[in-house]
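Asks: what's the 3D shape of this:
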Amino acid sequence: MFYTYILYSSSFDRFYIGQTNDLIKRIERHNNGYVNSTKAYKPWEIVFFKRFETRAESMNYETFLKSKKSKDFISNLIKDFNENLP
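Replies: Numbering: from 1, shown residues only. Now for the predicted structure:
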């Protein structure tokens, strides 16, 4: 199983989009400062994720999300995600 995820740093009002095969370990790495592009913006919280069967699918969705370059698009995606949680 692979995941595309969105993290949010409330301290800096910043989103980060990534993909992984181990969501929990990856978030821990972000929050422990092991990822150069995110360590300055800690702490991070996961606000969205989507599961995929293959890494290629996950990477394609990550690329799609990053291509939007829109906080409004990301915010609406997160809102819809949270409204559909059980």
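Asks: can you pull out the strands in this structure?
Replies: With DSSP state E as the criterion, the chain has strands at 2-9, 14-20, 45-52.
Asks: pLDDT weak spots in the chain?
Replies: The model of the chain has pLDDT under 70 over residues 86.
Asks: related to what we said a few turns ago, reformat the strands of the chain as CSV; add distance to residue 28 and mean neighbour count.
Replies: Yep, even glycine has a C-beta here, placed from its N, CA and C like the rest. Formatted as CSV, the strands of the chain follow (distance: least, C-beta to C-beta, whole Å; neighbours: other C-beta atoms under 10 Å):
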stretch, distance to residue 28, mean neighbour count
strand 2-9, 12, 21
strand 14-20, 11, 18
strand 45-52, 11, 16
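Asks: wait, which of these is closest to residue 61?
Replies: The minimum distance between residue 61 and the strands of the chain falls on strand 2-9, with 4.5 Å, by C-beta to C-beta.
Asks: mind giving me the packing neighbours of the closest one?
Replies: Applying 3 or more C-beta pairs under 8 Å, 6 or more residues apart in numbering; DSSP states H and E, one finds that strand 2-9 contacts strand 14-20, helix 23-31, strand 45-52, helix 55-68, helix 71-83.
Asks: which of those sits most buried?
Replies: strand 14-20 (a mean of 18; mean count of other C-beta atoms under 10 Å).
Asks: can you give the strand pairings for that one, parallel or anti for each?
Replies: Strand 14-20 has the following strand partners under DSSP bridges: strand 2-9 (antiparallel).
Asks: got the angle for the strand it pairs with vs helix 71-83?
Replies: 110 degrees (axes from the mean of the first three to the mean of the last three C-alpha atoms, to 10 degrees).
Asks: excluding chain neighbours, what is closest to residue 50?
Replies: Nearest residue to residue 50, sequence neighbours excluded (C-beta to C-beta, 6 or more residues apart in numbering): residue 4, at 5.2 Å.
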